[in-house]
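**Q** Okay, structure incoming, though there's no sequence with it:
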């Protein structure tokens, strides 16, 4: 008998709560039975189109029922689901399509590719004629479920392969540790292309059997109205969302706080000031946790116990954590070290990159690149990153990718991109530029910004282009970004 896979866990809802309302989206309701049937038919259609276990399918869509259908159909057929950030543009999309080598792309956008492109509405129409029975596919827990692309320091994205077991271990941990149950009403406004919504949101929803309202996106102008209408008990957000919610009227915040059970924050550090102000306004202490694309969830503040401002809490069950210095030796309490992780949540490796996979581990532990301290009573606090990673509004940005694009421009001799603190998004990228001699008098930052908007996702566009005579370097020629003028 094969190992238990995600579909077996979802059957607790698909079969056990078949007639219960599962999902609300765009004014429509769907039962768990309908969600199961829709994805069964789509899986049959994929099969008829020649897809089989191990094939990759890229999906470039905003949040929708179509995206959920596609994900579940892939899981049921053993096809590897590859979500693409909807903010990505041709340059970034082309890299992922080339690297993952998918059989097809599902999108309703205009994307330049030689791959078969399937429109989601057309798929829904075709799938309606297919049998309702789930395909008979034998999958074990180590089968790849998804490839999540995460930016690399070289400027090219690497695909993190997450298995059924990775996702299942993560979801079971969160259900137990955050006490998620069928009684919850779950509001999900995070993008499904991100592991936060996909790996945490969809799986916790489907296994617990709770009722979920999915939003296409979080819109701060209407968010209060949505909360008051749906009356959720559970919400997963990023710090930017919570900053926006601090602008709500006190009466609204008090009402929302009255029916909410748990607010969770992740994907970027939550400022302690926001943590305190939110507790004062809503009467709720946000639960902050720590995860990443390669590992899903690792560390969390407790549901029952002190949720300490500025910390990420304790290791989740089954996950081992080491804090090591540059000589790979454990650091003392209160000292900074790099976080190393081991557990059933850790990814299977980088797609097609055995060398990068091997370099990501030391003694069986995954190197996160994140720096942290541990208090005497066990709380972990992130203190920085070994790499230059910028986290802006929950999105990971590696400066090298932007720097390489800027240095492709004729007017630019050198470029350095670094994070600058921002209250709304946590951090934003700013570019320091050395202009070529030929362009010294004619350099136009607005023109460079316009080119960035054509080729890069919106969250990667530098918020400012600062011209300098030279970039600060050490004796080895390495740029010292902490010495960039005006950077704090």
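**A** Great, that's in hand. Everything numeric here is computed off the predicted structure, so don't read it as measured data.
**Q** burial of residue 221, as a residue count?
**A** With neighbours defined by other C-beta atoms under 10 Å, the count for residue 221 comes to 7. Glycine gets a C-beta too; all of them are placed from N, C-alpha and C.
**Q** The one 5 residues further on too?
**A** Residues within reach of residue 226, counting by other C-beta under 10 Å, total 15.
**Q** Can you give the domain ranges for the chain?
**A** The chain is divided into the following domains under automatic domain parsing: 1-217, 253-343+353-387, 392-483.
**Q** I'd like these laid out as TSV, including mean neighbour count and mean pLDDT.
**A** TSV is the format used below for the domains of the chain (neighbours: other C-beta atoms under 10 Å; pLDDT from 0 to 100):
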stretch	mean neighbour count	mean pLDDT
domain 1-217	19	95
domain 253-343+353-387	17	94
domain 392-483	16	89
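**Q** Nearest to residue 223 among those domains would be which one?
**A** Counting by C-beta to C-beta, residue 223 lies closest to domain 1-217 out of the domains of the chain; the figure is 7.6 Å.
**Q** next one: the closest one to chain centre, how far?
**A** 14 Å (C-alpha atoms, centre = their mean, to the nearest Å).
**Q** can you pull the contacts of residue 70?
**A** By C-beta atoms under 8 Å, 6 or more residues apart in numbering, the contact list for residue 70 reads 42, 57, 59, 61, 81, 106, 120, 123.
**Q** Restricted to helices, list these.
**A** Applying DSSP state H to the contacts of residue 70, the entries found in helices are 42, 120, 123.
**Q** which residue packs closest to the first one, ignoring adjacent ones?
**A** Distance criterion C-beta to C-beta, 6 or more residues apart in numbering; nearest residue to residue 42, sequence neighbours excluded, is residue 73 at 3.9 Å.
**Q** Might one say that the one you found is in contact with residue 35?
**A** No: Residue 73 sits out of contact with residue 35 when judged by C-beta atoms under 8 Å, with a separation of 11.0 Å.
**Q** Which residues does stretch 433-452 contact?
**A** Stretch 433-452 is contacted by residues 402, 405-406, 409-415, 460-462, 465-471 when judged by C-beta under 8 Å, 6+ apart.
**Q** show me what contacts the nearest residue to residue 233 once chain neighbours are set aside?
**A** If the residues on either side of it in the chain are set aside, residue 233 comes closest to residue 261, at 4.0 Å by C-beta to C-beta, 6+ apart. Residue 261 is in contact with 184, 233-234, counting by C-beta under 8 Å, 6+ apart.
**Q** Just these: which are in strands?
**A** Residues of these located in strands (DSSP state E): residue 234.
**Q** Is residue 148 part of a helix or strand, or is it coil?
**A** Classification of residue 148 by DSSP: H, G, I helix; E, B strand; the rest coil places it in strand.
**Q** does it have beta-bridge partners, and which?
**A** residue 160 (DSSP bridges).
**Q** residues in contact with it?
**A** When contacts are counted by C-beta under 8 Å, 6+ apart, residue 148 touches 83, 159-160, 162, 195, 198-199, 293.
**Q** from the residues you listed, which single one is nearest residue 351?
**A** Closest to residue 351 out of these is residue 159 (3.5 Å), distances taken as C-beta to C-beta.
**Q** Please look at the closest one and residue 349 and confirm they touch.
**A** No: using C-beta under 8 Å, residue 159 is not in contact with residue 349; the gap is 9.4 Å.
**Q** Backbone dihedrals for the closest residue in space to residue 6 that isn't next to it in sequence, both of them.
**A** Leaving aside its chain neighbours, residue 6 sits nearest to residue 164 (4.8 Å; criterion: C-beta to C-beta, 6+ apart). Phi and psi for residue 164, reported as degrees, to the nearest 10, are phi -60, psi -40.
**Q** Which residue ranges of the stretch 51-200 of the chain form helices?
**A** Ranges of helices in the stretch 51-200 of the chain, per DSSP state H, counting those that start in this stretch, are 65-77, 90-100, 120-127, 164-177, 195.
**Q** Outside of stretch 159-167 itself, list whatever touches it.
**A** The contact list for stretch 159-167, computed with C-beta under 8 Å, 6+ apart, reads 3, 5-6, 75, 80, 82, 96, 99-100, 139-150, 195, 199, 203, 293-294, 296, 344-352.
**Q** In strands only, show me the residues you listed.
**A** Using DSSP E, the subset of the contacts of stretch 159-167 located in strands is 80, 82, 144-150, 296, 349-350.
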